[in-house]
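my questions concern the predicted model and sequence given below.
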Amino acid sequence: MGNTDKLANRTPDQGGHDLAATEHVRRYYEKSAGVYDEHVSYMERFVLADGRQWVCERARGDVLEIAVGTGRNLPFYPPEVRLTGLDLTPAMLDLARARAAAIGREVDLRLGNAEALDFPDGRFDTVVATLALCAIPNPRAAVAEARRVLRPGGRLLLLEHVRSPVLPVRLLQYLFNPICVRWHADHLLREPLDHVRAEGFVVERMERSKLGIVERLMARKPEADRVAMV
């Protein structure tokens, strides 16, 4: 969260997780769950374009979506994938269950924290996150957990808004970032690609659009990790 976060009484737990920041995120999404779809639809229409489809159509096998939210991605997954969705907020999961039922999508929806996934090593073929790493208090921990639960050769698929390389846009992001973090649990200046590379993923495809604000990323857990798991 950096110097822009003004949350008080931030005390990490034994695993290094910022409990105050996590609770801030949970409270915000619990409160805003009912209007989330309406609000995010404007961003999707004018900024994200077909980003959700781009990510979901590349998912294969056993799929974990972290921060599944209200389930806006559910219609875009291939019918043959076996889907698990995880979110921090019960109210968001209730809406995701309703959406899954409405479209006839079978999905295992669970309450949980992306920074500490309750799954064994190598459980999934694909991990998906869309507009998630901008809110998760410790995005590096979430990426590390994604790698842990992926099988060797598994895919990490991301759609995020990120820090723009365009100076005037980036200056505006710096200006509004403290407000967005405090009131919307939303970080404007993050670079998920840095965490993906730092955790040893092989980046296979990366696209930037909308003055560098929107990033689509596909990365792979190295096959070499198969040896370490044996």
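Okay, I see it.

what about the closest residue to residue 147 other than its chain neighbours, how many residues nearby?
In space, residue 147 comes closest to residue 199 once its chain neighbours are excluded; the distance is 5.1 Å by CB to CB, 6 or more residues apart in numbering. (C-beta placed from N, C-alpha, C; glycine too.) Other residues near residue 199 come to 19 when the count uses other CB atoms under 10 Å.

distance of residue 199 relative to residue 135?
Look at residue 199 and residue 135: by CB to CB, to the nearest Å, they are 19 Å apart.

re earlier: quick check, pLDDT for the residue nearest to residue 147.
Note on residue 199: pLDDT of 97.

export the longest strand seen in the chain to CSV, keeping only CA atoms.
Assignment by DSSP state E gives strand 150-161 as the longest strand of the chain. Output in CSV follows, covering the C-alpha atoms of strand 150-161 (Å, rounded to 0.1, in the frame of the first residue of the first chain):
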residue,chain,number,x,y,z
LEU,A,150,-0.4,-24.0,-9.8
ARG,A,151,0.9,-27.2,-11.4
PRO,A,152,4.2,-27.0,-13.2
GLY,A,153,3.4,-25.5,-16.6
GLY,A,154,0.2,-24.0,-15.3
ARG,A,155,-1.1,-20.6,-16.4
LEU,A,156,-1.5,-17.3,-14.5
LEU,A,157,-4.0,-15.0,-16.3
LEU,A,158,-4.4,-11.4,-15.2
LEU,A,159,-6.5,-8.4,-16.2
GLU,A,160,-5.6,-5.3,-14.1
HIS,A,161,-5.5,-1.5,-14.2
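
before we move on, back to that, contacts only, for the residue nearest to residue 147.
Residues near residue 199 by CB atoms under 8 Å, 6 or more residues apart in numbering: 140, 143, 144, 147.
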